[in-house]
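Undergrad: The sequence isn't on hand, but the structure is:
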């Protein structure tokens, strides 16, 4: 990632299948997201929500809002899909919904900053012919 292009966004179910939206509609991907930035949304103590997550995600994804012809690159896209799902879960719990900027600042930016530092370090190490070896197990 060069920091200049848009990132693609998706939501996983409890089995790691990534639901994502683009100009072709909703996709369910079991592979292809191995190098993604993961942003945890559900805390381990939210057992009830974890039990319902897959059903909520599937039902939400079947909505008419996510048909291919409704896709619009800037206003109705993968980020809109993910945030709308998150807000639907918050609404069902009687919680306040988040704006795009609030979600970005609270969840996305901290993780992308962390990833950017790692990527920069990796690029510098590989560009300068360094390599990393694991430390031997210490007993």
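TA: Now that the structure is in, tell me what you want to look at. Computed from a predicted structure; not experimentally measured. Residues are numbered from 1 along each chain as shown.
Undergrad: Give me the nearest residue to residue 131, chain neighbours excluded.
TA: residue 125 (7.3 Å; Cβ to Cβ, 6 or more residues apart in numbering). In this view, the C-beta of every residue, glycine as well, is placed from N, C-alpha and C.
Undergrad: For the one you found, pull up the helix or strand it's in.
TA: Element membership for residue 125, per DSSP states H and E: helix 109-127.
Undergrad: in that helix, what counts as buried?
TA: residue 112 (16 or more other Cβ atoms under 10 Å).
Undergrad: cool, stretch 55-75 as well?
TA: Applying 16+ other Cβ under 10 Å to stretch 55-75 flags 57, 60, 61, 66, 71 as buried.
Undergrad: Run through who's touching that stretch.
TA: Residues from elsewhere that reach stretch 55-75 (Cβ atoms under 8 Å, 6 or more residues apart in numbering): 11, 13, 19, 21-26, 76-77, 81, 84-85, 88-89, 92.
Undergrad: 7 Å instead, please
TA: 11, 13, 19, 21-26, 76-77, 81, 85, 88-89 (Cβ atoms under 7 Å, 6 or more residues apart in numbering).
Undergrad: buried subset of these?
TA: Among the contacts of stretch 55-75, those buried by neighbour count (16+ other Cβ under 10 Å) are 11, 13, 19, 21, 26, 77, 81, 85, 88, 89.
Undergrad: Let me have those in CSV, extended by pLDDT and secondary structure.
TA: What follows is those, written out as CSV (pLDDT from 0 to 100; DSSP: H, G, I helix; E, B strand; the rest coil):
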residue, pLDDT, secondary structure
11, 96, strand
13, 93, coil
19, 97, strand
21, 97, strand
26, 98, strand
77, 96, coil
81, 97, helix
85, 96, helix
88, 95, helix
89, 92, helix
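Undergrad: Farthest pair within those residues?
TA: 13 and 77 (20.4 Å; Cβ to Cβ).
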